[in-house]
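Trainee: When you get a sec, could you give me coordinates for this:
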Amino acid sequence: GFAMVRKFAERSYFLWNFAITTEKQQQGLGSQALRQLISLLKSDYQAQVLTTTYLAGNECARHVYEKIGFVETDVVVAPDIHEVNLRLALENFAGNS
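Mentor: Residues are numbered from 1 along each chain as shown. Okay, here's the model as predicted:
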């Protein structure tokens, strides 16, 4: 798997891309990897907020992000875009949800 993260404001990061290879899905590895990434962002970069998006209808992505604690902020619907925006406040993130 892999993750791409970009800083967009002071102590705020955007998870640009996050993927786990198909044969490793449904094993809890995505949640585990995401928790480790968030812990690293908090400890090494003092991150306070992490945002991300997923394509509407991607129930696997929705499940992983909600399991971690991300909250839906809005849905973007445009001619070529239908995505869900999410936000996670890191101040209370313990990493063991």
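
Trainee: For the strand or helix carrying residue 54, name the packing helices and strands.
Mentor: Residue 54 belongs to strand 49-55 when assigned by DSSP states H and E. Judged by 3 or more C-beta pairs under 8 Å, 6 or more residues apart in numbering; DSSP states H and E, the packing partners of strand 49-55 are strand 12-19, helix 59-68, strand 81-89. Using the backbone N, CA and C atoms, a C-beta is placed for each residue, glycine as well.

Trainee: Nearest to residue 30, out of those?
Mentor: Smallest distance to residue 30 across these (C-beta to C-beta): 4.9 Å, for helix 59-68.

Trainee: what packs against the closest one?
Mentor: Contacts defined by 3+ C-beta pairs under 8 Å, 6+ apart place helix 59-68 against helix 29-45, strand 49-55, strand 81-89.

Trainee: Buried ones in the second one, by neighbour count?
Mentor: With burial defined by 16 or more other C-beta atoms under 10 Å, the residues of strand 49-55 counted as buried are 49, 50, 51, 52, 53, 54.

Trainee: Which of those residues sits closest to residue 75?
Mentor: Nearest to residue 75, judged by C-beta to C-beta, of these is residue 53 at 9.7 Å.
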